[in-house]
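Everything below, folded, please.
(2 chains)
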Amino acid sequence: MNTGPSLDALLRRLLDTPPDFLDPPRQNGGGQVHVAAVVNDVLASHGAQPSPALLSTLGGELRGVSTQQLTLSAVTAWLLADEAWRRWPLPGDALLALFADAVPALAAEAPASRYVLEPERREELVRTTVARLGLQPDGETAAQAADRLASVSGVERRRLLQASRAAEARARAIREALARKAAEESADKWTRE
Amino acid sequence: MDARVNAGPDAEPDDAERYPTLGEAGRAMLQRMREHPCAPLFRNASGNRLLAAEVEELRAYERAIAAARFAWSPDCPPPWLDAFVARTVAQVPHYRAQAGGASADVGFADIRFADIVPVDRGDLAADIARFVPDDVALERMINFRTTGTTGHPLVLPSHPRVAARYLAFHKRALARLGIVLRHGAGQMGVMLLGMQQRCFTYVSVTPTMGESGLAKINLHPADWRHPDDRARYIDAMAPEVIAGDPISFATLLELPLAHRPRALLSVSMALSPALRERLQQRFGCPVLDIYSMNEAGPLAVYDETLGGHLLLQPGMYVEILDAAGQPSPAGQDGEIVLTGGFNFCLPLLRYRSGDRGRLVVTDEGPMIVGLQGRRPVRYLTATGQWINNIDLSHALARLPLSRYSVHQYADAGVVLRLAASEAGHAAEAAALLQAALLGRPVAVAVLDAEDKVLQYTTELEEGLAA
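Numbering: from 1, shown residues only, chains lettered A, B, ... in the order given. Okay, the predicted model is just below:
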């Protein structure tokens, strides 16, 4: 992993979130914050193009998308608009995945306002964002960053557990595939070592 | 015709799976190889397993390999290296973990090639699943088992396309000598020889060569109705190429063979100049000493004029590292370390082969000089017969030993050395070896963990005669 911005700079950015961002998002004809537009702008500033599915998700018309997910998306967009990111080219697919996967998972855990107002949730949002963009906070090793994220984030702990289960399942499938009779019979080579 | 895919894990494969594209010529060839009056006992079954589209793809692959040039030298890594490292780190759990990524959905960026910690057979043996890329489909995975020379038994993932690609490198090696293989329908393409008490034997056909025959046979008399049938069968089948190792070729020299193949391919162990000379004189054809390993396929072919093993795979980057894992100074001896390769089930990234040599540059590409590490060893049994070190590997295969060595003293006494942590297997291991050595007693000693294991050694001159 590459070193990214400093944790302090990003935590300060979150502390400075304008109160407007926590106003109700545009949703089902009500609300003020146009989340899709905010996210679109910040993605464009990083050279990324939102997918139609993401724009639709953040447009406020879909029933299954919670208010908290929309508000946290707006807050995350504010975080990504910080000048501190400008030194690193952020991968477009990772940016889209951040809004498509990580933000909904965090929003399901706690109201969006807590990711701005509470120190530990702030750290969770900042660390999650940095990690999902393939970076580690300035001054930390990859291992330190991973440990700290897992310690502050229940979402990350569950994600790691799922990843670990998926890796175990894949390893088991490989071992089973290698043990099949057909695999043991192998196939023709013109020389055998 | 498509291959039928067996559903159950223990389902016995059938011929439709073994030879998915089998035509009339192939069917007749299989029958001829199996039913010849002098045919050996074929103890196993296998096949090419290639689908029709894969046969076409392989023909294109062979053309590409024939024309490919080396784009690297010891001072200049190949242009494909960075992309290969990035792809391997992203897809292979072992390397991903080294780069700090817990799973494939978390981005990780650049890890420098030089920072990648080399791996060895022990790492592969510990958990081979961690070296298989995430995007490799498992349905048609096959394996190659190897005992190797460093004491780590290995099951290596592979694929029918990967196994079939070997021929592209054999053809590249043969083309240097002006040999273009031409056997096709109704003819024997290659005969693979073993000389072991226990040997995997079977027949097949090669679809890219007009379904020419392929037979893997064991020259051990126990596999034949009559020992004289060995020469009769080889003469009758008249293979264009005979492949084997120095031990099976030494046995071949003892047979009254009339057939003259167009080339011999020797793999698995170092071929002594004296044996190569005898084989060339006896069979009147070139003997290619191919440096090959299950983990990487045919890597290099010996060229007597150039004085070394000329590399065969432009897609394999070879480094020479010192004992600390750092690149050896140009032209100096060290361990041969591999990156790249054609087995998409097991991409190698700084894989320590356990073999040694030094790299020099020739007009035809890089060459390994002073290759060491694969000397064959034979052991004298209690009844005066010689047996191959592979038979000792088989004898101990059932025990979960991480490493061991077997040494025969000048007085023919044998000592088995085991890691101290595995001393619990000592009695059983000694008994198994004693049985393989037809009753010769086996002493057991502790293997120093810091030792670099030279697995099979002997003080008997004839044990190294092959």
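
Correct me if wrong: B:Val361 contacts B:Phe70.
No. In this structure, B:Val361 is not within contact of B:Phe70 by CB atoms under 8 Å, at 9.0 Å. The way it works is simple: take the backbone N, C-alpha and C, and place the C-beta from them, glycine included.

Compare these two (neighbour count), which wins?
Neighbour count, other CB atoms under 10 Å in any protein chain shown: between B:Val361 and B:Phe70, B:Phe70 has more, with 20 against 15.

elements contacting the helix or strand where B:Ala395 lies?
Using DSSP states H and E, B:Ala395 sits within helix B:389-396. Applying 3 or more CB pairs under 8 Å, 6 or more residues apart in numbering or on different chains; DSSP states H and E, we find helix B:389-396 packed against strand B:378-380, strand B:404-408, helix B:426-436.

Let me see the ranges of the helices in chain B.
With DSSP state H as the criterion, chain B has helices at B:15-18, B:24-35, B:52-67, B:81-91, B:93-98, B:121-126, B:160-175, B:229-237, B:246-253, B:273-283, B:389-396, B:426-436.

so how far is the shortest one from its chain's centroid?
Which is helix B:15-18. 24 Å (CA atoms, centre = their mean, to the nearest Å).

Next: the fifth one.
If you compare the mean C-alpha spot of helix B:93-98 with that of the full chain, they lie 26 Å apart, counting by CA atoms, centre = their mean.

What is it packed up against?
By 3+ CB pairs under 8 Å, 6+ apart, helix B:93-98 packs against helix A:154-179, helix B:81-91.

tell me the most buried of the ones you listed?
helix B:81-91 (a mean of 17; mean count of other CB atoms under 10 Å in any protein chain shown).

just the CA coordinates of that helix, formatted as CSV?
The C-alpha trace of helix B:81-91 is given here as CSV (Å, rounded to 0.1, in the frame of the first residue of the first chain):
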residue,chain,number,x,y,z
LEU,B,81,7.7,-7.6,-15.3
ASP,B,82,5.9,-4.7,-13.6
ALA,B,83,2.5,-5.7,-15.0
PHE,B,84,3.1,-9.3,-14.1
VAL,B,85,4.0,-8.4,-10.5
ALA,B,86,0.9,-6.1,-10.2
ARG,B,87,-1.4,-8.8,-11.5
THR,B,88,0.1,-11.6,-9.4
VAL,B,89,0.0,-9.4,-6.2
ALA,B,90,-3.6,-8.6,-6.9
GLN,B,91,-4.7,-12.1,-7.6
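
Domain map for the chain?
Picked chain A for this. The record's domain split for chain A, according to automatic domain parsing, is A:2-152, A:154-184.

Let me rephrase: I mean chain B.
Split by automatic domain parsing, chain B gives B:15-67+B:180-285, B:81-161+B:294-372, B:378-464.

quick one: the last one to chain centroid distance?
Taking CA atoms, centre = their mean, the mean C-alpha location of domain B:378-464 is offset from the chain mean by 22 Å.

what's the answer for the longest one, then?
Relative to the chain's own centre, domain B:81-161+B:294-372 is displaced by 14 Å; criterion: CA atoms, centre = their mean.

now the first one
The gap between the average C-alpha position of domain B:15-67+B:180-285 and the chain average comes to 15 Å, counting by CA atoms, centre = their mean.

and the end-to-end length of it?
35 Å (CA to CA, to the nearest Å).

on that earlier part again, output the helices and strands packed on helix B:389-396 as JSON lines; include the columns distance to B:Pro314.
JSON lines is the format used below for those (distance: least, CB to CB, whole Å):
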{"stretch": "strand B:378-380", "distance to B:Pro314": "36"}
{"stretch": "strand B:404-408", "distance to B:Pro314": "36"}
{"stretch": "helix B:426-436", "distance to B:Pro314": "41"}
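
Tabulate those (JSON lines), appending mean pLDDT and distance to chain A.
What follows is those, written out as JSON lines (pLDDT from 0 to 100; distance: least, CB to the nearest CB, whole Å):
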{"stretch": "strand B:378-380", "mean pLDDT": "93", "distance to chain A": "18"}
{"stretch": "strand B:404-408", "mean pLDDT": "91", "distance to chain A": "20"}
{"stretch": "helix B:426-436", "mean pLDDT": "96", "distance to chain A": "21"}
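
And those: which comes nearest A:Gly60?
strand B:404-408 (68.2 Å; CB to CB).

Give me the distance between B:Lys171 and chain A.
Computed as CB to the nearest CB, to the nearest Å, the B:Lys171 to chain A distance reads 9 Å.

Burial check on that residue, number of neighbours?
Neighbours around B:Lys171, by other CB under 10 Å: 19.

Contact partners for B:Val442?
Each residue near B:Val442 by CB atoms under 8 Å, 6 or more residues apart in numbering or on different chains is listed here: B:414-416, B:430, B:433-434.

Among these, which one sits closest to A:Ser186?
B:Leu433 (26.9 Å).

And the spatially closest residue to the closest one that is not a sequence neighbour, how far from chain A?
Leaving aside its chain neighbours, B:Leu433 sits nearest to B:Val442 (4.6 Å; criterion: CB to CB, 6 or more residues apart in numbering or on different chains). For B:Val442, the distance to chain A equals 27 Å [CB to the nearest CB].

For the helices and strands packed on helix B:93-98, give me CSV that also has distance to A:Ala105 and mean pLDDT.
Listed next are those as CSV, based on distance: least, CB to CB, whole Å; pLDDT from 0 to 100:
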stretch, distance to A:Ala105, mean pLDDT
helix A:154-179, 5, 92
helix B:81-91, 22, 93
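
Out of these, flag the one nearest B:His226.
B:His226 lies closest, by CB to CB, to one member of the helices and strands packed on helix B:93-98: helix A:154-179, at 37.5 Å.

the longest strand in chain B is where?
strand B:348-362 (DSSP state E).

residues near A:Arg12, how many?
14.

Just give me the neighbour total for the residue of chain A found nearest chain B.
Closest contact between chain A and chain B, by CB to the nearest CB, is at A:Gly134 (2.7 Å). For A:Gly134, the count of nearby residues is 20 (other CB under 10 Å).

Run through the neighbouring helices and strands of the lowest-mean-pLDDT helix or strand in chain A.
Every helix and strand of chain A was ranked by mean pLDDT, DSSP states H and E. The lowest is strand A:2-3, at a mean of 83. Here strand A:2-3 touches strand A:135-136, going by 3+ CB pairs under 8 Å, 6+ apart.

Name the nearest residue to residue 154, sequence neighbours excluded.
Using chain A here. Among residues not flanking A:Gly154 along the chain, A:Glu109 sits closest, at 6.3 Å (CB to CB, 6+ apart).

looking at chain B here, not the other one
B:Thr146 is the one closest to B:Leu154 (CB to CB, 6+ apart), at 4.9 Å.

what residues are up against that neighbour?
So B:Thr146 contacts A:193, B:153-154, B:156, B:293-295 (CB under 8 Å, 6+ apart).

What's the per-residue pLDDT of it here?
In this prediction, B:Thr146 carries a pLDDT score of 81.

The contacts of B:Val442 into JSON lines, with extra columns for distance to B:Asn48 and neighbour count?
Converted to JSON lines, the contacts of B:Val442 look like this (distance: CB to CB, whole Å; neighbours: other CB atoms under 10 Å in any protein chain shown):
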{"residue": "B:Val414", "distance to B:Asn48": "40", "neighbour count": "22"}
{"residue": "B:Val415", "distance to B:Asn48": "43", "neighbour count": "16"}
{"residue": "B:Leu416", "distance to B:Asn48": "39", "neighbour count": "23"}
{"residue": "B:Ala430", "distance to B:Asn48": "41", "neighbour count": "18"}
{"residue": "B:Leu433", "distance to B:Asn48": "36", "neighbour count": "23"}
{"residue": "B:Gln434", "distance to B:Asn48": "40", "neighbour count": "18"}
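
Which single one of those is nearest to B:Tyr202?
B:Leu433 (28.2 Å).

For stretch B:279-294, buried residues please.
B:279, B:283, B:285-294 (16 or more other CB atoms under 10 Å in any protein chain shown).

Next step: those restricted to strands.
B:287-293.

Can you add pLDDT and distance to chain A and give the residues you listed back as JSON lines?
Formatted as JSON lines, those follow (pLDDT from 0 to 100; distance: CB to the nearest CB, whole Å):
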{"residue": "B:Val287", "pLDDT": "97", "distance to chain A": "13"}
{"residue": "B:Leu288", "pLDDT": "97", "distance to chain A": "10"}
{"residue": "B:Asp289", "pLDDT": "95", "distance to chain A": "11"}
{"residue": "B:Ile290", "pLDDT": "96", "distance to chain A": "7"}
{"residue": "B:Tyr291", "pLDDT": "95", "distance to chain A": "10"}
{"residue": "B:Ser292", "pLDDT": "94", "distance to chain A": "5"}
{"residue": "B:Met293", "pLDDT": "93", "distance to chain A": "6"}
